[in-house]
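1. Sequence plus the predicted model coming up.
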Amino acid sequence: MATVVSYGAAGTVTGSCHLLEANGIKTLIDCGMFQGSVEDKSYEPFGFDPSDIDYLILTHAHIDHIGRVPKLVKEGFNGVIIATEATIDVAYIMLQDAAKILIEEYNIIYRKAQRAGEEKSVRQPLYDLDDVENTFSKTIRFARYNQKIALCDFLAITFHQAGHILGSAFVEVEFTEGETDKKVVFSGDIGNKKRLVVDGLENGFYTNTLYIESTYGDRLHKSIDESIKEFKQAIIETIDRGGNVMIPSFALERTQEILYILKQMSENKELENVNVFLDSPLAIKATELYNKHPFFLNEENEKDVLELENPFTFKNLNLTQSVEQSIAINNFQDNTIIIAGSGMCTGGRILQHFKHRLWNPANSLIFVGYQVEGTLGRKIIDGTQFISIHKEKIAVRAKIYTINGFSAHGDQKDMLDWIDTFNGIENIYLIHGENYQARAFKDAIKARFDNVKVHIVKEREHIYI
């Protein structure tokens, strides 16, 4: 009987990694990095032999879904990688960036340990740039939405638009056991039907089993229109009082959505004499890929790109590639908007801007993305009064905004409505959520759907489908 074992994103949001075995064929759905308070789990053994994996399916290119792929290859994976073309392009720049961060962190820790004579105790980086290059030398097969890919005579997969980020997909897996045909869907991360940049979430169809994320299974988002209004108001109020705006933003999707809104504001004369800095080389590269893949965008943005109109650039937008350019932003003391990584404030250039601006009550810090437990962003949202940056204590006095309507994840209602578009579901398995989120989502599913079994997946639990 076919089995699924979740080696990540079970009882937590990050580390997505689900192994489906059917008739001896082993298919891995995602291989993500653990983040936040559980980040050390990324260094642990997988729990399976990477050389046994026949296929690796990537639902999208967020690090918590792709971040351990070079480790998988390094430890013996030699199968076929399957993803949309946009996901492969984005994964390449994301994994290059991840490798650089891992090496930088290793060097810092190693030098400190060396001074104490303890360098032998320092663990090696999870992978390096050579491992990333080796990953993309493997056999890669591009998937197109709604086109079935036969992996063998009894196993096929189909990618469908997930409405999450550029190239994202939920994946339908069809297989035959004996004389029985079965279908299981892995949601990856799903968005909703109305997205600012990419196409919206596609409806479901017939499936026996659904593995679905539960990141926001316990809450409802504000509408996107409400969120845009709140975002614009926060910026205008801050600029009017002579302050600066800091926006920690994920390089993928969130940055492009923010740029899209700021372009509207610029064209409406709402950002006169305001300097906007995109202070993230990774986000700059990612934005270029959005222009490279217009057919993954929604109708409006696809039309703009095809007509050579960039949806993500406008007057007074400055792209800061070098460290020197980033440091020079410190010279701008008012009328300044800074978009920088990392999105959860665990590193990156946003930290230097915190150092220079977080203590000033005239300034604002706008969170536009989910903050995992254990991250600096989550600590700030939870009300910490001081943070430490490079051993320097910084007071948190800037005004804090949390705007969750920009989330690339659907909320509880979005996910319930999506489940309702499927036929034939017998079992729903909840993954990719903290336990309290999954429990709330389970209760909501059971209240709406009478004849469906719902189970919260535990890590390394064998589930027969």
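-> Perfect, I can see it now. All figures in this text were calculated on a predicted structure; none of them were measured in a lab. Residues are numbered from 1 along each chain as shown.
2. C-alpha from now on. contacts and neighbour counts both.
-> Fine.
3. Quick check, pLDDT for the closest residue to residue 41 other than its chain neighbours.
-> Of all residues not flanking residue 41 in the chain, residue 34 sits nearest, at 6.2 Å (C-alpha to C-alpha, 6 or more residues apart in numbering). Looking at residue 34, its pLDDT stands at 96.
4. Same check on residue 120?
-> Predicted confidence (pLDDT) for residue 120: 85.
5. quick check, the residue nearest to residue 41 in a helix?
-> No: Residue 34 is assigned coil when assessed by DSSP: H, G, I helix; E, B strand; the rest coil, not a helix.
6. any idea how far it is from residue 40?
-> Distance of residue 34 to residue 40, given as C-alpha to C-alpha, to the nearest Å: 7 Å.
7. Neighbour count: those two, which is higher?
-> Between residue 34 and residue 40, counted using other C-alpha atoms under 10 Å, the more crowded position is residue 34 (24 against 11).
8. how about that one, what does it touch?
-> Under the criterion of C-alpha atoms under 8 Å, 6 or more residues apart in numbering, the neighbours of residue 34 are 8, 14-16, 40-42, 64.
9. and with 6 Å instead?
-> Contacts for residue 34 were tallied using C-alpha atoms under 6 Å, 6 or more residues apart in numbering; they are 14-15, 42.
10. Could you list the low-pLDDT ranges of the protein?
-> Judged by pLDDT under 70, the chain has no weakly predicted residues.
11. what residue lies at the spatial centre of it?
-> For the chain, residue 62 is the residue whose C-alpha lies nearest the centre (C-alpha atoms, centre = their mean; 3.7 Å).
12. Need the residues touching each of residue 34 and residue 40.
-> Common neighbours of residue 34 and residue 40 are not found (criterion: C-alpha under 6 Å, 6+ apart).
13. Helices of this protein, start to end?
-> In the chain, the helices defined using DSSP state H lie at 63-66, 69-74, 85-115, 129-135, 224-240, 254-267, 281-292, 299-306, 323-328, 350-357, 376-381, 412-419, 435-448.
14. Who are the packing partners of the lengthiest strand in the chain?
-> The residue-count maximum for a strand in the chain (DSSP state E) belongs to strand 169-177. The contact analysis (3 or more C-alpha pairs under 6 Å, 6 or more residues apart in numbering; DSSP states H and E) places strand 169-177 against strand 155-161, strand 180-186.
15. Turn those strands into CSV, including distance to residue 367 and mean neighbour count.
-> Shown next, in CSV, are the helices and strands packed on strand 169-177 (distance: least, C-alpha to C-alpha, whole Å; neighbours: other C-alpha atoms under 10 Å):
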stretch, distance to residue 367, mean neighbour count
strand 155-161, 26, 21
strand 180-186, 29, 17
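16. follow-up on the earlier one: and the longest strand of the chain, which residues are buried?
-> Neighbour-count burial for strand 169-177 flags 169-176 (criterion: 16 or more other C-alpha atoms under 10 Å).
17. Then stretch 284-302?
-> Buried residues in stretch 284-302, counting neighbours by 16+ other C-alpha under 10 Å, are found at 284-287, 289-291, 293-298, 301-302.
18. Same check on stretch 306-318?
-> Neighbour counts using 16+ other C-alpha under 10 Å place 310-314, 317 of stretch 306-318 among the buried residues.
19. which of those residues lies closest to residue 273?
-> Distances from residue 273 to those, taken as C-alpha to C-alpha, are shortest for residue 317 (11.1 Å).
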